[in-house]
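1. Give the three-dimensional model of this entry:
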Amino acid sequence: MTRRTGIAGIWTIALVMTALAASPNFSGTWVLDKEKSDQPPFGGRRGGGGQQGPTDVTLIVKQTDNELTVTRKINMGGEERTSEAKYTLDGKENSNPGFGRGGGQVLSKTKWDKDKLVTTGKRKVNFQGNEFESETQEVRSLSADGKTMTVETTTTTPQGDRSGKQVYNKQ
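-> Model prediction:
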């Protein structure tokens with residue numbers, strides 16, 4: 001019985017190691033491909049003039065076995081904004097500053113779903129004196145050659161759902 005338990009333990013470790021080795025690595029500098037992407041959900045329209053959202057978006061991603069750090073640089077009309085978010089990849093809750101209108105803190109959990117990295121989060125937003133909660137799901141995937149990262153985002157607010165896809169090219 002002890003021998004079977006030992007063999008089962010070895011197989012379990014081998015399967016976990018194989019799964020970890022198969023996980024994509026998103027590390028690198030990524031530039032938004034505006035032609036292949038929807039309007040970014042964090043940009044939206046600016047001002048009353050209907051000016052489009054960010055003109056340039058760059059993500060600098062650093063990934064270790066259990067952590068993903070994303071530095072987002074957005075150029076909106078010549079004004080650059082930078083934010084950084086850190087996520088553990090084991091499904092534990094993380095807290096990061098909210099990006100875009102309303103600020104606030106985003107409480108999120110990130111975990112692998114096969115070869116995709118899924119982050120689900122909630123944040124309380126104060127917009128024009130009204131407080132509400134929004135929920136976001138972000139699904140990150142890599143192309144087979146590792147040169148294209150796709151981020152599919154769904155945001156749920158009291159005003160309804162918004163979905164979008166952003167495609168980034170590795171630099």
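2. For the rest of this, base every contact and every neighbour count on C-alpha atoms.
-> Will do.
3. Where does pLDDT dip in the protein?
-> Scanning the chain for pLDDT under 70 picks out 1-22, 40-54, 99-103.
4. got the residue ranges for the strands in the chain?
-> Applying DSSP state E to the chain gives strands spanning 28-32, 56-63, 67-76, 79-88, 93-97, 105-113, 116-127, 130-142, 148-157, 160-170.
5. Please produce CSV containing those, extended by distance to residue 39 and mean neighbour count.
-> As requested, these are exported to CSV (distance: least, C-alpha to C-alpha, whole Å; neighbours: other C-alpha atoms under 10 Å):
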stretch, distance to residue 39, mean neighbour count
strand 28-32, 11, 19
strand 56-63, 11, 19
strand 67-76, 13, 18
strand 79-88, 17, 16
strand 93-97, 21, 16
strand 105-113, 21, 18
strand 116-127, 20, 18
strand 130-142, 15, 17
strand 148-157, 11, 18
strand 160-170, 7, 16
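6. Make a markdown table out of these and add distance to residue 38.
-> A markdown table is the format used below for the strands of the chain (distance: least, C-alpha to C-alpha, whole Å):
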| stretch | distance to residue 38 |
| --- | --- |
| strand 28-32 | 10 |
| strand 56-63 | 13 |
| strand 67-76 | 15 |
| strand 79-88 | 20 |
| strand 93-97 | 23 |
| strand 105-113 | 23 |
| strand 116-127 | 19 |
| strand 130-142 | 14 |
| strand 148-157 | 10 |
| strand 160-170 | 5 |
